[in-house]
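*Asks:* kindly return the folded structure for what I paste below:
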Amino acid sequence: MSLTQGLNLLIAALLLAGIYAAMAVGMTVIYGVMKIVNLAHAGFLMLGAYFAYEMFERFHIDPLLGAVLALPAFFLFGMAVHWLLVRWLPKSDTPSLPSLLLMFGFWLVLQNAGYFFWGNDDRSITTPRTLAAANLGPITVPEVNLIVFAAAVICLVILQLVINRSWFGRSMRALIQNPYGAKIVGVDDARTSRLTFGLGTAFAGFAGALLGMIYTFSPDFGRPFLLRSFVIIVLGGLESISGVALGAIVLALFETFGPYVPIPWYWGEWRVFYMPDSLQPAMSFALLVVVLLIMPKGLASLFARKRRLA
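*Replies:* Reported below is the predicted structural model:
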């Protein structure tokens, strides 16, 4: 691998990490506050891609603006889903079987609704930016990837400000750290959970719209990204919102450089094997299994351990 190729891959991995972080943060906040593994996250990602597609095809709205419009639209949609379905789930301190079945069933409903309305053909959002590229010396970066990365980072920064500076953010952090203590001091559990589910759904729709600007999509679009979201939140520490960025960077680097790492193996004689791109989902799943076995609390636990030792 040449230096130029390595730099291009590094830039591509960092740009990919930004959208991965925006994709996974919605799943993280819902799990942190409500202890629900939101399998319907895949369906929300898929609907976000089709939302931007319909805005572009029917109303000629720029896909980036469509992604921004997805935030309030999916926020309201998420609160409606919570009011209709999620609020009836029994309260639990750990992920429960009823919540898993409900979210899985709702994902299937969304997926089949996608097949009904849009069919099973792959769609794409094609604009003049799709094939444009920015040249920074020897480094070539697709313009759409830069725009998607910037939009994702800006929204993540705004989310961090909301979490740190608003009453809702304080309520959410209190429920993540100590649900019983939060209720004792007056945190409205039902209201915060409803807003949190809306926020998580909004970021899923927003990320799906951004992903739809880069990849082709179908009603099964969200499934591989659901697995990646699992890997990211496990790497980040499940309930750690700030750890999502670290998990996204690790996964993006792993996926981007993985196919270029030589793997020696012996079959009568020593040979070198390179992982094909088609096995990227398997690589992500293997990383998830390894992290669960070695660091079940994620990479954040390593930094916490270093602080305690210091």
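
*Asks:* where do the strands sit along the stretch 201-310 of the chain?
*Replies:* 263-266, 270-273 (DSSP state E, counting those that start in this stretch).

*Asks:* next structured bit after the lengthiest helix in the chain?
*Replies:* Longest helix in the chain, counting residues (DSSP state H): helix 3-34. For helix 3-34, the succeeding helix or strand toward the C-terminus, using DSSP states H and E, is helix 41-59.

*Asks:* buried set for that following helix?
*Replies:* 41-53, 55-56 (16 or more other Cβ atoms under 10 Å). C-beta here means a position set from N, CA and C on the backbone, and glycine is covered the same way.

*Asks:* stretch 110-129 now?
*Replies:* Residues of stretch 110-129 classed as buried: 110-111, 114, 118, 123, 125, 129 (neighbour count, 16+ other Cβ under 10 Å).

*Asks:* that stretch: how far from the chain's middle?
*Replies:* The chain centroid and the centroid of stretch 110-129 are separated by 19 Å under Cα atoms, centre = their mean, to the nearest Å.

*Asks:* using CSV, write out the CA atom coordinates for it.
*Replies:* Output of stretch 110-129 as CSV, limited to C-alpha atoms (Å, rounded to 0.1, in the frame of the first residue of the first chain):
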residue,chain,number,x,y,z
LEU,A,110,-41.8,-1.0,8.6
GLN,A,111,-39.8,-3.2,6.3
ASN,A,112,-42.9,-4.8,4.7
ALA,A,113,-44.5,-1.3,4.4
GLY,A,114,-41.4,-0.3,2.5
TYR,A,115,-41.8,-3.2,0.1
PHE,A,116,-45.5,-2.3,-0.4
PHE,A,117,-44.9,1.4,-1.2
TRP,A,118,-41.5,1.3,-3.0
GLY,A,119,-41.0,-2.3,-4.1
ASN,A,120,-37.8,-4.2,-3.9
ASP,A,121,-35.8,-2.3,-6.5
ASP,A,122,-32.7,-0.4,-5.3
ARG,A,123,-33.0,3.3,-5.3
SER,A,124,-30.4,6.0,-5.2
ILE,A,125,-30.3,9.8,-4.8
THR,A,126,-28.3,11.3,-7.6
THR,A,127,-27.3,15.0,-7.6
PRO,A,128,-24.4,16.9,-9.3
ARG,A,129,-22.5,16.4,-6.1
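
*Asks:* what does it rub up against?
*Replies:* Identification of contacts with stretch 110-129 by Cβ atoms under 8 Å, 6 or more residues apart in numbering yields 40, 42-44, 46-47, 49-50, 52-53, 56, 62-63, 143-144, 147, 212-213, 215-220, 222.
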